[in-house]
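**Student:** the sequence isn't on hand, but the structure is:
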């Protein structure tokens, strides 16, 4: 079982930028993808972005396209999320996740990911 440890996040004004990182500890063999999800109070945990570990192919939720960038460093077993032009509606707890097999459909979803980080708060003030 892979362990995911997150860092980053915090408080920023609207229009600002924040970065998140997530390092995986444990077996990398069979890791298919890593991704980011977010959960606002009283809402479901929603997909934000994902990156295929070998190919580097990326996926983004429509709400963050053009503003967020997911990247990876295979040697460090780390995935990053750079968040620019932040909006108050981006406020949520952000979770890193890892998937060990191909997505069930053409795009990533929560059910594809079996390992989760501890979560980190991102707050965007207006």
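**Tutor:** Received it, and whenever you're ready, just let me know what you need. Nothing here was measured: the structure is a model prediction, and the numbers come from that model.
**Student:** residue contacts, the residue nearest to residue 13 when sequence neighbours are not counted?
**Tutor:** Closest residue to residue 13 apart from its sequence neighbours, by C-beta to C-beta, 6 or more residues apart in numbering: residue 125 at 5.4 Å. (Glycine included, C-beta is placed from N, CA and C.) Neighbouring residues of residue 125 by C-beta atoms under 8 Å, 6 or more residues apart in numbering: 11-14, 88.
**Student:** for residue 39, see how far away residue 125 is.
**Tutor:** Using C-beta to C-beta, to the nearest Å, one gets 19 Å for the distance from residue 125 to residue 39.
**Student:** compare the contacts of residue 125 and tell me which is most surrounded.
**Tutor:** residue 12 (17 neighbours; other C-beta atoms under 10 Å).
**Student:** tell me if it really is in a helix.
**Tutor:** No - per DSSP: H, G, I helix; E, B strand; the rest coil, residue 12 lies outside any helix segment and is strand.
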